[in-house]
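A.B. asks: Turn this into a structure:
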Amino acid sequence: MHHNEIPKEVIDIEKAWSRLFHRWWFLHYLIGILGALSAVTVAANPQILLKVPYCLGVLAWISAICVSLLTFLEPKKRGRGYVAAWRLLHKAIGKYKYNKNPEKGVEHLFETIRKGEEIIANLDS
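C.D. replies: Residues are numbered from 1 along each chain as shown. Next up is the predicted model:
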């Protein structure tokens, strides 16, 4: 079996795309859950919270802000883009490790990075 060393730049990009995927996905769930819990609480209009000044109003604003953030930031869409780019690069790295022609393999790795960057860049279109 033939084993090739992966260029550090490629490893760094793979790690960054994985990290960004996880951050966007976490943000998607955090904002979504916070917004949903706030909205449900306001809709339920619990009597105990009526005794706390401004509580339901603040929760209503939190819900509205969360919906706005989900709409404008699109964390789920961005997470999907980064994970698609990461998967593409991860697969290329796996092929490169056992490629019998390392020179051609390096070109393929950097071409894959370019394709991944296109995927990420197209998130805003």
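A.B. asks: In contact with the closest residue to residue 28 other than its chain neighbours, which residues?
C.D. replies: Leaving out its chain neighbours, the residue that sits closest to residue 28 by CB to CB, 6 or more residues apart in numbering is residue 75, at 3.8 Å. C-beta coordinates here come from the backbone N, C-alpha and C atoms, glycine included. By CB atoms under 8 Å, 6 or more residues apart in numbering, the contact set of residue 75 is 24, 25, 27, 28, 31, 69.
A.B. asks: secondary structure class for the most centrally placed residue in the chain?
C.D. replies: Nearest to the mean C-alpha position of the chain, counting by CA atoms, centre = their mean, stands residue 79 at 2.4 Å. With DSSP: H, G, I helix; E, B strand; the rest coil as the basis, residue 79 sits in helix.
A.B. asks: Within the helices and strands, which one has the residue nearest to it when sequence neighbours are not counted?
C.D. replies: Spatial nearest neighbour of residue 79, chain neighbours left out: residue 24 (3.6 Å); criterion: CB to CB, 6+ apart. Element membership for residue 24, per DSSP states H and E: helix 8-44.
A.B. asks: Quick one: name whatever helix or strand follows that helix.
C.D. replies: Counting by DSSP H and E, the next helix or strand C-terminal to helix 8-44 is helix 47-50.
A.B. asks: For the following helix or strand past that following helix, which outside residues touch it?
C.D. replies: As assigned by DSSP H and E, the chain's next helix or strand after helix 47-50 is helix 55-73. With CB under 8 Å, 6+ apart as the test, helix 55-73 has contacts from 27-28, 31-32, 34-36, 38-39, 41-42, 45, 49-50, 75-76.
A.B. asks: Let's see that with 10 Å instead.
C.D. replies: Applying CB atoms under 10 Å, 6 or more residues apart in numbering, the external contacts of helix 55-73 come out as 24, 27-28, 30-46, 48-50, 52, 54, 75-76.
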